[in-house]
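Colleague: I'd like to go over a predicted model; first the sequence, then the structure.
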Amino acid sequence: MSADLNFARLRSDGAASIRTRAAIPPTVLMSLLVVLVVVLWSLFPSVFTGYSPVNGDTGSKLDSPSLQHWFGTDYLGRDQYARVVYGTASSVTSALVAVAIGLVAGSAIGLASGFRGGWLDATLGRFVDVLLAIPGFLLAVVIVSSLGFQTINAAIATGVSAVAVFARLMRAEVIRVRRSTFVEASYLEGGNRLQALLTHVLPNAYRPVLVLAVLQFGTSILVIASLAFLGYGDPPPSSDWGLLVASGKTYVTAPWLVYAPALVIVATVLSINRISRWLRNPS
């Protein structure tokens, strides 16, 4: 009888543990909702607003937020909410490009360095150290100044500045997995280094790197918006989020021109960071 009770207790405790692990915290749900809205804005902007981001009504210049214009209007009478919505595609796409560059290049460097070791590890390690020694934003400014003032160039610069972060994490994970018993056992079974790399090392080393990619996506949005704020992105009449903040700061009597896009940037970045923390430690 006691054995049955113990078994039932263990089963109920296990079910409760599974439910606890499966439950998504409310803050994560809110973050997922924010990111979903941002993604939908970038894919279907015309569904969320009927106003043009380029053409405005000069009779409605610098109107404060209202039911008709949720984020107010700018100095040309353009709906600020529409400009934020239409600017989402550029901000999200450029951030994805930046993350893709950092993820692919950094992971390749870290994978080769950690798995091969020796002189290759030393050479690539010095290259990564040089990149880490330069502040990421400063490196992005130097690169985009060399390539030209466009949002895509800002994305490339942001991605290059993130290569070292991905490379360092991938190298650490590859070294950890490479020393595992199951990797050594694969050699004893007749496997070669390439098979061990693709079959055992890479599948067990990429998860933390993907979590970092989610975190870096939010960071890239912030960096690219900062570059656009400084004038390193596309020129007007584009509606990149950073450019909207930069153009709105001129009109001190219309603070919503700064607050609205700035709050969207902050909400998006914080939401992505919360999702990244949850993926790393689901709790």
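Modeller: Arrived safely.
Colleague: surely residue 212 touches residue 164?
Modeller: No - if you go by Cβ atoms under 8 Å, residue 212 and residue 164 don't touch, sitting 12.0 Å apart. Backbone N, C-alpha and C define where each C-beta goes, glycine included.
Colleague: quick one: contacts of stretch 127-142?
Modeller: 109, 113, 154, 157-158, 160-165, 167-168, 171, 223, 226-227, 230, 232 (Cβ atoms under 8 Å, 6 or more residues apart in numbering).
Colleague: sorry, that was for stretch 247-261
Modeller: 62, 64-65, 71-72, 74-75, 80-81, 84, 87, 236, 241, 244-245.
Colleague: end to end, how far does stretch 114-122 reach?
Modeller: End-to-end distance for stretch 114-122, by Cα to Cα, to the nearest Å: 10 Å.
Colleague: hang on, I meant stretch 241-261
Modeller: 6 Å.
Colleague: mean confidence (pLDDT) on that stretch, please.
Modeller: For stretch 241-261, mean pLDDT is 90.
Colleague: likewise for stretch 214-233?
Modeller: pLDDT averaged over stretch 214-233 gives 92.
Colleague: go on, stretch 105-113?
Modeller: Per-residue scores along stretch 105-113 average to 91.
Colleague: sorry, back to before: next step: the contacts of stretch 127-142 restricted to helices.
Modeller: 109, 113, 154, 157-158, 160-161, 163-165, 167-168, 171, 223, 226-227 (DSSP state H).
Colleague: hmm, which two among the residues you listed are most spread apart?
Modeller: 113 and 226 (30.1 Å; Cβ to Cβ).
Colleague: so between the two, which is more surrounded?
Modeller: residue 113 (24 against 20; other Cβ atoms under 10 Å).
Colleague: the more buried one and residue 120 touch, don't they?
Modeller: Yes - look at residue 113 against residue 120 with Cβ under 8 Å: they come within range, at 6.4 Å.
Colleague: just the contacts of stretch 247-261 now: which is nearest residue 203?
Modeller: Closest approach to residue 203 among these (Cβ to Cβ): residue 241, at 36.6 Å.
Colleague: in contact with that closest one, which residues?
Modeller: By Cβ under 8 Å, 6+ apart, the contact set of residue 241 is 84, 87-88, 91, 221, 225, 228, 261, 264-265.
Colleague: same question, residue 226
Modeller: Residue 226 neighbours (Cβ under 8 Å, 6+ apart): 137, 242.
Colleague: pLDDT value on residue 19, please?
Modeller: pLDDT, residue 19: 44.
Colleague: could you do the one 3 residues further on as well?
Modeller: Here, the pLDDT recorded for residue 22 equals 56.
Colleague: would you map the helices across this structure?
Modeller: 2-22, 26-43, 45-48, 80-116, 118-133, 136-147, 151-161, 163-178, 181-188, 193-196, 202-205, 207-229, 241-248, 256-280.
Colleague: the last one to helix 26-43, inter-axis angle?
Modeller: With axes from the mean of the first three to the mean of the last three Cα atoms, to 10 degrees as the criterion, the two stretches helix 256-280 and helix 26-43 enclose an angle of 120 degrees.
Colleague: likewise for the fifth one?
Modeller: With the same axes, to 10 degrees as the criterion, the two stretches helix 118-133 and helix 26-43 enclose an angle of 90 degrees.
Colleague: where does this protein have its least confident helix or strand?
Modeller: For the chain, the helix or strand with the lowest mean confidence is helix 2-22, at a mean of 46 (criterion: mean pLDDT, DSSP states H and E).
Colleague: okay, which residue is most central for the protein?
Modeller: Closest to where the C-alpha atoms of the chain average out (Cα atoms, centre = their mean) is residue 217, at 0.7 Å.
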